[in-house]
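> sequence and predicted structure, then a few things I'm wondering about:
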Protein chains: 2
Amino acid sequence: MIKPRTLPGFMELLPNEQILFNKMKETIKNSYEKYGFLPLNTPIIESAEILLAKAGGETEKQIYKFKKGENDLALRFDLTVPLAKYVTQYYDKLSFPFRRYQIGKVFRGEKPQKGRYRELYQCDIDIIGDGKLSIINDAEMPAVIYNTFKELGFDDFQICINNRKILNGFFASLELKEKAPDILRIIDKIEKIGSGRVYAELSEFVEKEKVEKIMDFITIEGTNEEKLQALENLKIENEIFELGLSELKQVVKFIRIFGVPNENIKVDLTIARGLDYYTGTVYETFLNEYKNLGSVCSGGRYDNLATYYTNRTMPGVGISIGLTRLFYLLTANEIVTAKEEAISDVLVISMTEDYDVCAKIVTAFRENGVKAGFNIEEQKLGKKFKYADKLNVKYVAIIGEDEVKNNLVTLKNMVTGNQQTMKLEEAIEEVKNNRN
Amino acid sequence: MIKPRTLPGFMELLPNEQILFNKMKETIKNSYEKYGFLPLNTPIIESAEILLAKAGGETEKQIYKFKKGENDLALRFDLTVPLAKYVTQYYDKLSFPFRRYQIGKVFRGEKPQKGRYRELYQCDIDIIGDGKLSIINDAEMPAVIYNTFKELGFDDFQICINNRKILNGFFASLELKEKAPDILRIIDKIEKIGSGRVYAELSEFVEKEKVEKIMDFITIEGTNEEKLQALENLKIENEIFELGLSELKQVVKFIRIFGVPNENIKVDLTIARGLDYYTGTVYETFLNEYKNLGSVCSGGRYDNLATYYTNRTMPGVGISIGLTRLFYLLTANEIVTAKEEAISDVLVISMTEDYDVCAKIVTAFRENGVKAGFNIEEQKLGKKFKYADKLNVKYVAIIGEDEVKNNLVTLKNMVTGNQQTMKLEEAIEEVKNNRN
């Protein structure tokens, strides 16, 4: 006998939790489709050579790699590399800008710890251009994400945006270009470690006056307009900086036209995103009351998606929700609960052995679009009610001898406890009109 | 530079095909939920020891197995073993009969050939009892499958059912018990190889008079009622046979009560299902006009799901749609086509550089529940229309200088070619009322 178990770092949910998870996944999908993104579903297994074309470091260590026969295979560790493969492989059959979403599992052999999973859902959207891509697409990302989080039931969240060119140009103007990656890495941690630590860490390898300029820069305060104005006022003469600032202004303007309220958007000059491939706009998203949870949705603009597979220049912009981690955070912190989640609207239970009538009634519910299960086992009534309880069904239809004889149904509302005997058609109507 | 490619045996679809695939997957999911099945989503990676607990032979050869650090891991090759693990692992938290569906990818390192995939979707439903499980559940499976195929758009299909006990009892009465597995394997092929070949193959190891009895038995003709009556008339005195016949009668009766028309159900005594673990009712499903495609949905009853993980007796009944293979068969044989599939209801395209107005209009569509994309790139109008064509959108909203000046939208129906300039609200209404 083998003890049944699930590997550490792999999320496996109870049915009510799974119902909630699926609802969230469905909401994200519907939101992405409302914005005209096309679905993709690339394989989980790819040739290791394809997936590792540009990888290195952490990715190389974390990836699940194995041989089958003569073939070196690997499990995808993100949805971006498969996208790069896809747009180059099917280039002739696609039209650009290519807008796609993909919601699927990716695999990372990380050390498992709270909220870190080895098998996790990512929900990605990207827009890929052929040669060039209008900056307006950079405003589309926060628009979709705003809509998505609203439809997930959140109000109090902020999508923070910045532009890497502003940072890069700023550092170039201070002649800190080579140190920029290290500086960015430290700035990126300001939410976690505070500005004092950032100051200290920067001082270890940057001259004091420059550290102060950096601190002044990243702590610019005010409304989004005031911040943009403050950046203008710095009068930094650097082409990259100027381009970045003009892009950021455009993005902020179009985000508003796309209907995102001011309070859900924040220009945040501290956001750099660690990843090397972001070259322009960058995004992070925070739930205001739970900032300590970190960003729940991040992304940015990249100059070139697929250098490893093609000579074509394919700029893109994308953003991703890490759904597995988000679900963990939301449930572990009791921001959402799966306690009441149910699939069936009604459960039909028999108190007689005339199962025909039960089967007819459950069929009638279903034929009227009501989700219905049944319990026609040889079990005591108490056990059947416990069964209904565990399923969280709102209604139970009880079929006893009297009901069979008189062609009626006793419908019990499990929330209010109200119970009434009625005609089948009435029971169907009541459930239809009052289900969750 | 690495040539982008997808491994052989892995399905990867173009966006319009993916839209159709997703619609089918969604239809199956909704049908399963209508019948009160709870969703599960178990990990793709499990401990090799868990997945291989009862495996052997083909499974052992086909499974993707690998090491990560010290751990022997494997990719699930079906959804039944994970279910067995799940119901024993979470036994205390579940209520029985436990009804679950799972729709997900499984992995089999088979030789890739037409319609055979290494990564494939299975769409499973099972009902698991604790100790016992009413035979009525065996009638529920064809009921769900009937509803599912109807909602997938099929009318002309047959769910064929049989009962292994009838076969086993029959063979026992002929004192062919030991040869039964070999006989069943041959009978199972009758649709493919014809009754002549079956007769010949059986004759190789069974006495002639018994072969004739077998042939008489498996070629019993008539309506379902006539077949059940003919089985009765055989007067085979064998307990297993009698139990099987009584079960089959019950199942046929309840399938009808569950609303499945007679023409979609067929008692078929040749169906045995190769798999060893089926012990009672067995199912196969055929599209009548495409019988050569083989069964598109199969399953059956098993006495004990999880003997490798628990001492508890857990009988179950289940059925599975192999969606990847089904999709391949339907599209390759042009039974369905993805040619017209689209996500967006409308595409907004700009003929001016006043992108603000375009952005406002696309936002207005979305806020009114219309799925909308845009093309605000610097592209010629012809290229933008080609873009709209490739997306299969039914409507294009054209925003030129006149439209901007007069606060209007030119809406083109891409199917009829009709084009009209109107107010935005009118355009939204037209798209809402006429989208696909």
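Received, thanks. Numbering: from 1, shown residues only, chains lettered A, B, ... in the order given.

> residue in the stretch 301-436 of chain A nearest to chain B?
Distances between the stretch 301-436 of chain A and chain B by C-beta to the nearest C-beta are smallest at residue A:373, namely 2.7 Å. C-beta: built from backbone N, CA, C; applies to glycine.

> helices and strands around the host helix or strand of that residue, which ones?
Using DSSP states H and E, residue A:373 sits within strand A:372-375. Here strand A:372-375 touches strand A:346-350, helix A:355-367, helix A:381-390, going by 3 or more C-beta pairs under 8 Å, 6 or more residues apart in numbering or on different chains; DSSP states H and E.

> show me what from the stretch 151-300 of chain A comes close to chain B.
Applying C-beta under 8 Å from any C-beta of the partner chain, we find that the stretch 151-300 of chain A lies next to chain B at A:254, A:257, A:258, A:259.

> out of the residues you listed, who's the most crowded?
Neighbour counts for those (other C-beta atoms under 10 Å in any protein chain shown) peak at residue A:254, which has 24 neighbours.

> show residues contacting the helix or strand that contains that residue.
If you go by DSSP H and E, residue A:254 is part of helix A:239-257. Applying C-beta atoms under 8 Å, 6 or more residues apart in numbering or on different chains, the contact partners of helix A:239-257 are A:135-136, A:138-140, A:142-143, A:161-170, A:172-173, A:224, A:228, A:231-232, A:236, A:262, A:265, A:267, A:280-281, B:355-356, B:359-360, B:363.

> of those, grab the buried ones for PyMOL.
Here is the PyMOL command that picks out the buried ones among those, judged by 16 or more other C-beta atoms under 10 Å in any protein chain shown:
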select buried, (chain A and resi 135+136+138+139+140+142+143+161+162+163+164+165+166+167+168+169+170+172+173+224+228+231+236+265+267+280+281) or (chain B and resi 355+359+363)
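
> show only the entries of the contacts of helix A:239-257 found in strands.
Residues of the contacts of helix A:239-257 located in strands (DSSP state E): A:161, A:162, A:163, A:265, A:267, A:281.

> and for the closest residue to residue A:39 other than its chain neighbours, the neighbour number?
Nearest non-adjacent residue to residue A:39, counting by C-beta to C-beta, 6 or more residues apart in numbering or on different chains: residue B:18, 4.8 Å away. Counted by other C-beta under 10 Å, the residues lying close to residue B:18 total 22.

> repeat for residue A:9
There are 18 residues near residue A:9, going by other C-beta under 10 Å.

> isn't there a helix covering residue A:379?
No. Secondary structure of residue A:379 (DSSP: H, G, I helix; E, B strand; the rest coil): coil, not part of a helix.

> need the contact list for it.
So residue A:379 contacts residue A:387 (C-beta under 8 Å, 6+ apart).

> state the pLDDT value of it.
Listed pLDDT for residue A:379 reads 88.

> roughly how far does it sit from residue B:130?
10 Å (C-beta to C-beta, to the nearest Å).

> contacting residues around the residue nearest to residue A:210 when sequence neighbours are not counted?
Leaving out its chain neighbours, the residue that sits closest to residue A:210 by C-beta to C-beta, 6+ apart is residue A:174, at 5.2 Å. With contact set as C-beta under 8 Å, 6+ apart, residue A:174 has these partners: A:210, A:213, A:214.

> thinking again about what came up before, ranking the helices and strands packed on strand A:372-375 by burial, who's on top?
strand A:346-350 (a mean of 28; mean count of other C-beta atoms under 10 Å in any protein chain shown).

> quick one: it near chain B?
Yes. Using C-beta under 8 Å from any C-beta, strand A:346-350 reaches chain B at residue A:347.

> who's in contact with that strand?
A:357-358, A:361-362, A:365, A:370-376, A:381, A:384-385, A:387-388, A:391, A:393-399, A:411, A:431, A:435, B:36.

> domains for chain A, by residue range?
A:153-280, A:346-434 (automatic domain parsing).

> okay, those in CSV with distance to residue B:65 next?
CSV is the format used below for the domains of chain A (distance: least, C-beta to C-beta, whole Å):
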stretch, distance to residue B:65
domain A:153-280, 33
domain A:346-434, 36
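
> show me the contact partners of the least confident helix or strand in chain A by mean pLDDT.
The weakest-scoring helix or strand in chain A, judged by mean pLDDT, DSSP states H and E, is helix A:57-62 (a mean of 81). Helix A:57-62 has contacts (C-beta under 8 Å, 6+ apart) with A:52, A:77, A:108, A:109, A:110.

> contacts only, for the spatially most central residue of chain A.
Here the mean C-alpha position of chain A is nearest to the C-alpha of residue A:321 (C-alpha atoms, centre = their mean), at a distance of 2.4 Å. Neighbouring residues of residue A:321 by C-beta under 8 Å, 6+ apart: A:28, A:122, A:123, A:145, A:148, A:296, A:297.

> tell me the SS of the closest residue to the first one other than its chain neighbours?
The one in question is residue A:28. Nearest non-adjacent residue to residue A:28, counting by C-beta to C-beta, 6+ apart: residue A:123, 4.8 Å away. Here residue A:123 is recorded as strand under three-state DSSP.

> in chain A, where is pLDDT below threshold?
Applying pLDDT under 70 to chain A flags the ranges A:55-56, A:274-275.

> bridging residues for the residue in the stretch 51-200 of chain A that chain B sits nearest to?
Of all residues in the stretch 51-200 of chain A, residue A:66 sits closest to chain B, at 3.3 Å by C-beta to the nearest C-beta. Bridge pairing for residue A:66 (DSSP bridges) gives the partners residue A:73.

> now for it, how many residues are close by?
19.

> same check, this time on the one 5 residues further on
The number of residues packed around residue A:71, counting by other C-beta under 10 Å, is 14.

> and if you look at residue A:211?
The tally of other residues near residue A:211 (other C-beta under 10 Å) stands at 21.

> ok so, going back, most neighbours of all the contacts of residue A:174, which one?
Busiest of those [other C-beta under 10 Å] is residue A:214, holding 22 neighbours.

> if I read this right, it contacts residue A:205, doesn't it?
No. Counting by C-beta atoms under 8 Å, residue A:214 does not reach residue A:205; the two are 11.9 Å apart.
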